[in-house]
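Student: predicted model, plus sequence, below.
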Amino acid sequence: MTDIEFNKNEDSMRQLVDQMKARFVKVAAGGGKKNADKQHEQGKLLARERIEYLIDKGSSFIEIGAFAADGMYEEYGGCPAAGVVVGIGYVSKRQCVIVANDATVKAGAWFPMTGKKNLRAQEIAMENHLPIIYLVDSAGVFLPMQDEIFPDKEHFGRIFRNNAVMSSMGIIQVAAIMGSCVAGGAYLPIMSDEAMIVDKTGSIFLAGSYLVKAAIGEDIDNETLGGATTQCEISGVTDNKYPDDKSALDHIKNIFSKLGEFEKAGFNREKSVAPAKNPKDLFGIVPTDASKQYDMHEVIYRLVDNSEFDEYKDKFGQSIICGVARIDGWAVGIVANQRKVVKSKKGEMQFGGVIYSDSADKAARFIMNCNQRKMPLVFLQDVTGFMVGSRSEQGGIIKDGAKLVNAMSNSVVPKFTVVIGNSYGAGNYAMCGKAYDPRLIIGWPTAQIAVMGGSQAAKVLLQIQVSALKSKGKEITKEDEAELLKKITDRYNSQISPYYAASRLWLDAVIDPMETRKWLSMGIEAANHAPITRAYNVGVIQT
């Protein structure tokens, strides 16, 4: 790579990172200043202020789903961050999941993506045996969309089912009612191990005063119906009441300061060492043009401790790079797509980002080794798919691809996925896409997730639409085709954006590449809380 190419890449990547940070600032504003001021006037902290006060000063916090619902629900004014802030942080030095309703967004009402995001938070807690803290301030289900949030398996009710399951698993759940807590949502804090309430601002009931009046004709105000005094001193529904948000949060800190230790998975960790090669070089190494080549080794050297990488079968199946290293002291196995054209031992050229039979076979064997050694797996995705054509089919590419998918799917060690560039078709699957249960899946601003690349897909879709129009007797000029192609391309490109994926929680986050080590390290630390309880078995696999 020339200095000019490096500098161009660096400028483009910095622009993308700056755009990402600007988008986050907008999301973090929630429902806007007017609604935030209302919260403060009531003596309440905002969701992000609550989290900032709760977590240990100077500690790391990674936010899950910051871009959830991005660009969605525009007909209702939008729903920034799906109206809830979720992340992994440290409270009294204990790593935990935190869920905080943002009452500045539609009074904290639950949209469909709010439900999905809450379920993702609980999934992270269950998979990693992490304690979970709920900071409740929500008006309940967003009624205009009740049919998309209420009755199905992955809807609102699943949250309370998860409360019960987590309790049986011994996962600690603590809730603070800091605002409204209405109807079915009332079960969430009360199914937690401990539920506290903030006096005068917190309330919890199955039906508010208006519904009570309509249902049974009783005149009563919300405070008398389900305020802190009623629920702590009369019903006993909540455990303790506190005069303000900070007092309740201080009590949570106190609870966590006295937690005992539990069994760990036992992943290997040594003292962390910074990469010997400058991580800032990542901005210049990785092109923002998804079609351009680069050497994935150079990316790995800037992510791993002391830039030391022990490669597995380095001269075989070179379109996938496999090897062991340390990330922030944690021993990991890395499976990464090679993005430059390489030459096989037989003298055949292998295209960058494409999975070939030999590389699939190698990666499958390497994944088995990592499971044998109890070593977490890190997948670095920049993949356009599996190799096609008669030679590949005759060579058994489907069988070799299936071996890789089988080995990866059945892994008992935790998996983590970083989407650096392309993530297309079956390549997304084989490299541990969202459907394959990575403990965390994150993307750089250069990430693109789709069945196939934009230009190829647009041409296929154009052919289909043109054929359909011609079958109806319509004449299509070259100008008509060009205009139609542009519309199709623009729509498709918007759908392969990392923000489109993050808005639907196909990605947990879009991150600055400089944050990659922190995300992976905190993810592995979280996974280390959950002992591995079953043996590794790939089932039936063809050789």
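Tutor: On my side now, so go ahead.

Student: need the residues that contact the least confident helix or strand in the chain by mean pLDDT.
Tutor: Ranked by mean pLDDT, DSSP states H and E, the weakest helix or strand in the chain is helix 454-471, scoring a mean of 75. Residues from elsewhere that reach helix 454-471 (Cβ atoms under 8 Å, 6 or more residues apart in numbering): 448, 450-452, 476, 481, 484-485, 488-489, 492-493, 496. (Glycine included, C-beta is placed from N, CA and C.)

Student: pass me the low-pLDDT residue ranges in the stretch 201-350 of the chain, would you?
Tutor: By pLDDT under 70, the low-scoring segments of the stretch 201-350 of the chain are 344-347.

Student: and the strands in it?
Tutor: For the stretch 201-350 of the chain, the strands defined by DSSP state E, counting those that start in this stretch occupy 240-242, 310-312, 320-327, 330-337, 342-343, 349-350.

Student: including distance to residue 302 and mean neighbour count, could those go into JSON lines?
Tutor: JSON lines is the format used below for the strands of the stretch 201-350 of the chain (distance: least, Cβ to Cβ, whole Å; neighbours: other Cβ atoms under 10 Å):
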{"stretch": "strand 240-242", "distance to residue 302": "47", "mean neighbour count": "18"}
{"stretch": "strand 310-312", "distance to residue 302": "16", "mean neighbour count": "15"}
{"stretch": "strand 320-327", "distance to residue 302": "11", "mean neighbour count": "23"}
{"stretch": "strand 330-337", "distance to residue 302": "12", "mean neighbour count": "25"}
{"stretch": "strand 342-343", "distance to residue 302": "20", "mean neighbour count": "14"}
{"stretch": "strand 349-350", "distance to residue 302": "24", "mean neighbour count": "14"}
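
Student: so residue 506 touches residue 449, yeah?
Tutor: Yes. Using Cβ atoms under 8 Å, residue 506 makes contact with residue 449 at a distance of 6.2 Å.

Student: these two: which is more packed in?
Tutor: Neighbour count, other Cβ atoms under 10 Å: between residue 506 and residue 449, residue 449 has more, with 24 against 18.

Student: contacting residues for the more buried one?
Tutor: Residue 449 sits next to 419, 423-424, 428, 433, 443, 496, 498, 500-501, 506-507 when contact means Cβ under 8 Å, 6+ apart.

Student: residue 309: which of those is nearest?
Tutor: Checking the contacts of residue 449 against residue 309 by Cβ to Cβ gives residue 419 as the nearest, at 20.2 Å.

Student: that older thread, min pLDDT across the contacts of residue 449, which one?
Tutor: On pLDDT alone, residue 496 ranks lowest of the contacts of residue 449, at 89.

Student: name the next helix or strand downstream of the lengthiest helix in the chain, please.
Tutor: The longest helix of the chain (DSSP state H) is helix 3-28. Downstream of helix 3-28, the first helix or strand assigned by DSSP states H and E is helix 33-41.

Student: picking up where we left off before, looking at the strands of the stretch 201-350 of the chain, which is closest to residue 511?
Tutor: Taking Cβ to Cβ, strand 320-327 is the member of the strands of the stretch 201-350 of the chain nearest to residue 511, at 14.6 Å.

Student: list the strands paired with the closest one, with their directions.
Tutor: strand 310-312 (antiparallel), strand 330-337 (antiparallel) (DSSP bridges).

Student: distance to residue 398 for the ones you listed - can I get that in a markdown table?
Tutor: Output for the strands paired with strand 320-327, formatted as a markdown table (distance: least, Cβ to Cβ, whole Å):
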| stretch | distance to residue 398 |
| --- | --- |
| strand 310-312 | 24 |
| strand 330-337 | 19 |
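
Student: between those, which one is nearest to residue 176?
Tutor: For the strands paired with strand 320-327, the distance to residue 176 is smallest for strand 330-337, at 32.4 Å, taking Cβ to Cβ.

Student: CA atoms of that closest one as CSV?
Tutor: The C-alpha coordinates for strand 330-337 follow below in CSV (Å, rounded to 0.1, in the frame of the first residue of the first chain):
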residue,chain,number,x,y,z
TRP,A,330,-7.1,-12.7,27.3
ALA,A,331,-6.0,-15.7,25.2
VAL,A,332,-8.1,-16.0,22.0
GLY,A,333,-8.4,-17.8,18.8
ILE,A,334,-8.8,-15.5,15.8
VAL,A,335,-10.6,-16.4,12.5
ALA,A,336,-10.3,-13.6,9.9
ASN,A,337,-11.0,-13.2,6.2
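
Student: from the contact counts, what lies against the longest helix of the chain?
Tutor: Contact here means 3 or more Cβ pairs under 8 Å, 6 or more residues apart in numbering; DSSP states H and E; on that basis helix 3-28 packs against helix 282-285.

Student: distance between the helix it packs on and the chain's centre?
Tutor: How far helix 282-285 lies from its chain's middle: 24 Å, per Cα atoms, centre = their mean, to the nearest Å.

Student: right, I'll call it a day here.
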